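**Student:** Pasting a predicted model and its sequence here:
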Amino acid sequence: MPTTTPDLQSLIREAHHVLVFTGAGVSAESGIATFRDALTGLWANNDPQQLATPEGFMADPARVWGWYQWRRQQLLSREPNPAHWAIAALAQRGASVTVVTQNVDDLHERAGSEGVIHLHGSLLSTHCFDCAIPAQVPVDPMPLDGAAIPPPHCEHCNGLLRPGVVWFGEALPEEAWQQAVEAAQSADLVLVVGTSGLVYPAAQIPGLAWERGATVVHVNTEPVPVAAEREYSVVGPAGKILGGLNEGR
């Protein structure tokens, strides 16, 4: 197990393809609560898993839709943090950079990252529950409190529209998964940021890269167990650790 702190500047400078794999810890630094946080309001009064399953949606579409519309409003009130900006700036250093995220927000894109691969979908997208055709639904400008709101109907099949996130029991988007696997197979450096690697199958991506010879660096507020060469754990806030990566090149 490596005991030395890696020289991230050197690793990034020497890399040809950097894969940045992000989780909820990155968004948490922008004030977006992680799924497992003990929160107030709706998160405390409802079981999130009941609001994040196809069965929950079918049982009470208005409750689920209203809750997600409220979440969308909350998201749009947040801004990218230094970690998002630092990740976006990596692409300016010359190496190829691929961002694969488990997050359902658009903060990477708002910071300037391009071609972000969303393994768990996007909170700001919608599609039909029945035919899966995407639809555009604006966020309500009026303040919401999570009260039940009947979801709109699909203009193609009249089915109900649903949030474009991956719910419990659903498969990851096939195209996004294949893109992530391909990125892992070609990366020579992986920055695993804000995730302890407990959510599968997404958590397989860093391991796939390591098996192909990549160096893997975990950046997290809690130590991440590592038991292999070319694998490191750096403990601290992502914004602080990544904030200096683009300096002094």
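**Tutor:** Looks like it came in fine. Numbers count the residues shown, from 1 in each chain.
**Student:** The helix-or-strand element of the chain with minimal mean pLDDT: what's the following helix or strand?
**Tutor:** Within the chain, judged by mean pLDDT, DSSP states H and E, the helix or strand with the poorest mean is helix 42-45; its value is a mean of 55. From helix 42-45 onward toward the C-terminus, using DSSP states H and E, the following helix or strand is helix 54-59.
**Student:** Who are the packing partners of the next helix or strand after that next one?
**Tutor:** The helix or strand immediately downstream of helix 54-59 is helix 61-76, counting by DSSP H and E. Contacting helix 61-76 under the criterion 3 or more C-beta pairs under 8 Å, 6 or more residues apart in numbering; DSSP states H and E are the following elements: strand 121-128, strand 161-165. All C-beta atoms are positioned from the backbone trio N, CA, C, and that covers glycine.
**Student:** Of those strands, which stretch is the most buried?
**Tutor:** Of the helices and strands packed on helix 61-76, the one with the most neighbours on average (mean count of other C-beta atoms under 10 Å) is strand 161-165, at a mean of 22.
**Student:** Given that strand, what are its sheet partners and their directions?
**Tutor:** Partner strands and pairing direction for strand 161-165 (DSSP bridges) are strand 121-128 (antiparallel).
**Student:** Grab the most central residue of the protein for me.
**Tutor:** Averaging the C-alpha coordinates of the chain gives a centre point, and the residue nearest to it by C-alpha atoms, centre = their mean is N103 (1.9 Å).
**Student:** I'd say that one and F21 touch.
**Tutor:** No - in this structure, N103 is not within contact of F21 by C-beta atoms under 8 Å, at 10.8 Å.
**Student:** List the contacts of E55.
**Tutor:** When the contact criterion is C-beta atoms under 8 Å, 6 or more residues apart in numbering, the partners of E55 are G169.
**Student:** now F129
**Tutor:** Shown here is F129, whose contacts under the criterion C-beta under 8 Å, 6+ apart are P54, F57, G159, L160, L161, R162.
**Student:** need these in CSV with pLDDT, can you?
**Tutor:** Compiled in CSV, the contacts of F129 are given as follows (pLDDT from 0 to 100):
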residue, pLDDT
P54, 95
F57, 96
G159, 98
L160, 98
L161, 98
R162, 98
